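> Structure for the following, please:
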Amino acid sequence: MTDEAARIPAFMQQMAGIITTSVTMLDQHQMEIFFNEMLSAKRVYVAGAGRSGFIAKAFGLRLMHLGYDTFVVGETITPAFLPGDTLVMFSGSGETHSMASICGKAKELGGKVCLITSSPGSKMGRIADCIVNLGDIYGYYQKDKSTYEIRQLTGSYRSITSAFAPLGTLFETLALVFSDAVISALMEARKSEVRDMQDRLTNVE
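Okay, here's the model as predicted:
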């Protein structure tokens, strides 16, 4: 085994340690507001750019398994956003132009915007009705204020920097763990059984 491959378990342990540290820094009030919004939501739209978009889809999928009417912003079969609908946006920087535009539009249409982020003071943060700040331990978003689109065009995502959890990896990992934990809490609150969720799994694959 090469030296680099041998370090994979150490990198995993390092990530786990940072997740544990981040958990102790979460704002309980922010989490409670977001959880209550999810508990009472009728229709939930999810969105995010890049890898954050994958986390958003994973959260949306589990909400669907719980019985929510859930939609992914940008999909061709996504219906019109209506007053009273809830948008859950995943964005570490909170500054991505296309995603900020979606947040603004959702507010204009009479919906609520929930932001999962590492930058509560961002453009999206100023739009959102509720925010969960997952933190920015390494200060990645504080050092790089450029938007997702600019970083993609300039090749910033391809630059060689620190090997450990480069770019927005920590936010995305934290967002996945946090959103899965929210699903677990919703299951308990709604008295949902795993077998009920299994009945909603796709069966046309």
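> Not counting residues beside it along the chain, what's closest to the most centrally placed residue in the chain?
Nearest to the geometric centre of the chain sits F90, at 3.4 Å (Cα atoms, centre = their mean). Excluding its sequence neighbours, the residue lying closest to F90 (Cβ to Cβ, 6 or more residues apart in numbering) is G48, at 3.6 Å. To be clear about C-beta, it is placed using only N, CA and C from the backbone, and glycine gets the same treatment.
> burial of that neighbour, as a residue count?
26 (other Cβ atoms under 10 Å).
> The residue nearest to the centre of the chain against A175, yeah?
Yes: when contacts are counted by Cβ atoms under 8 Å, F90 is listed as touching A175 (5.5 Å).
> Pull up the overlap in contacts between these two.
S52, I55, I116 (Cβ atoms under 8 Å, 6 or more residues apart in numbering).
> Pick out whichever of these sits closest to D180.
Distance ranking of the shared contacts of F90 and A175 against D180, using Cβ to Cβ, places I55 first at 9.7 Å.
> Quick check: the closest one is in a helix.
Yes: assessed with DSSP: H, G, I helix; E, B strand; the rest coil, I55 lies in a helix.
> Quick one: neighbours of it, just the number.
Residues lying near I55 (other Cβ under 10 Å) number 24.
> what sits against it?
Contacts of I55 (Cβ under 8 Å, 6+ apart): G48, F90, E172, A175, L176, S179.
> The first one and T202, how far apart?
Spelled out, that is G48. Going from G48 to T202 by Cβ to Cβ, to the nearest Å gives 22 Å.
> got it, and the fourth one?
As for A175, its distance to T202 is 24 Å (criterion: Cβ to Cβ).
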